[in-house]
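Asks: below is the sequence, then the predicted model.
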Amino acid sequence: MTSAGPGPAAGRMDEREFRVLHKRLRDAAWTEGETNPRGALDHLTPERVVAAATEVRYGRTVSLAAPIEIRPGPDNPDPACHWMTGPVSAGGRPEGLQFATDRFAMNVHGDADSHLDALCHVLFEGRLHAGVSADSVTGEGAHALTLDLVANGIVGRGVLLDIPRLRGVAWLEPGEAVTADDLTAAETAQGVRVGPGDVLFVRVGHRRRRSRHGAWNAAQERAGLHPLALEFLADRDVAVLGGDGNNDAAPSPVEGIDFPVHVLAMQAMGVHLLDYLQFEELAPVCAETGRWSFLCVIAPIRLPAATGSPVNPIAVL
């Protein structure tokens, strides 16, 4: 492991440089006039799903989701609500059959709960991925590139790249950015290579830092990928990207553009994102077995016209 890594201000980009990168990645992923509603999921072919099943060696399953938060905090001012709707009893011991029932409500997109972003979630310059007009998203719901694209789930080969392990630290500090060189170095250190159709998970240690020091305003400061790291994903034909933070570093390393990784991954490249996962159970299992690739199963809820879903990805090793 190495201890050196780029600091919070490393690799600043101006807006012009970002737009050049955006066009390059967009043009590589999509041709004007081409209908490509699945985006990068096209890289995840049936043959690659079959091959992913051969990753299973031990029959061990590990959740990559954090428990849903129901108490407010600095990173979650409007948490999920969960309440019991039954049984309702005036006291005493009820006779016969009863059912315990409950209900919950939540904001899908936030800075605490594990969720999947549908491709209709990110609009940039009046367009979604593949040139779809922003007018397709209305007050009644989205009408293109919705959660319906993954109604049958996402099943494929998952790969975890552990950047704090690479740098010899417990976690990356808020504001630090993961570069393409970091991703390549992590592959070498872990003896794994990201390939076409893979579900790439990048650990920055967000959850470990949060459990050690408590929650903070992650909307203002968080570790994530540098925009240029998206060239790594494009070169390897990655199908899905997931992180234990937001995937975007904050403050943004791009002047005048917030959430540049979301813009590049989803709007330019058509890569679905998984935000605020947790890898603190998976990483030790990968280190113990020496295997950083696994079968991954992602099953979002089936909510028509939705921009995202709470999710509980499962790694099968």
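Replies: The structure has been received and is ready for your questions. Numbering: from 1, shown residues only.
Asks: ok, and what's touching stretch 17-31?
Replies: Identification of contacts with stretch 17-31 by C-beta atoms under 8 Å, 6 or more residues apart in numbering yields 13, 36, 39-40, 124, 129-131, 227-228, 230-231, 234, 254, 257, 260, 263-264, 267-270. The C-beta positions use only the backbone N, C-alpha and C, and glycine is treated the same way.
Asks: which residue comes closest to residue 274 once chain neighbours are left out?
Replies: Distance criterion C-beta to C-beta, 6 or more residues apart in numbering; nearest residue to residue 274, sequence neighbours excluded, is residue 242 at 3.3 Å.
Asks: so the one you found is in contact with residue 313, correct?
Replies: Yes. With contact defined as C-beta atoms under 8 Å, residue 242 counts as touching residue 313 (7.0 Å).
Asks: mutual contacts of the two, please.
Replies: What both residue 242 and residue 313 touch, as defined by C-beta under 8 Å, 6+ apart, is the set 64, 274, 277.
Asks: give the residue spans of the stretch 1-150 of the chain that score low on pLDDT.
Replies: 1-10, 88-93 (pLDDT under 70).
Asks: repeat the analysis, applying 50 as the threshold.
Replies: For the stretch 1-150 of the chain, the stretches flagged by pLDDT under 50 are 1-9.
Asks: what segments of it are helices?
Replies: With DSSP state H, counting those that start in this stretch, the ranges of helices along the stretch 1-150 of the chain come out as 15-29, 46-53.
Asks: could you dump the last one to PDB, C-alpha only?
Replies: Right, the one you point to is helix 46-53. Coordinates of each C-alpha in helix 46-53 appear next as PDB, following Å, rounded to 0.1, in the frame of the first residue of the first chain:
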ATOM      1  CA  PRO A  46     -26.300 -12.200 -21.500                       C
ATOM      2  CA  GLU A  47     -22.900 -13.800 -22.000                       C
ATOM      3  CA  ARG A  48     -21.300 -11.600 -19.400                       C
ATOM      4  CA  VAL A  49     -24.100 -12.300 -17.000                       C
ATOM      5  CA  VAL A  50     -23.400 -16.000 -17.400                       C
ATOM      6  CA  ALA A  51     -19.700 -15.400 -16.900                       C
ATOM      7  CA  ALA A  52     -20.400 -13.400 -13.800                       C
ATOM      8  CA  ALA A  53     -22.000 -16.400 -12.200                       C
END
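Asks: still on that earlier bit, the residue nearest to residue 274: which element?
Replies: Assigned by DSSP states H and E, residue 242 falls within strand 240-243.
Asks: and what of residue 274?
Replies: Assigned by DSSP H and E, residue 274 belongs to strand 272-275.
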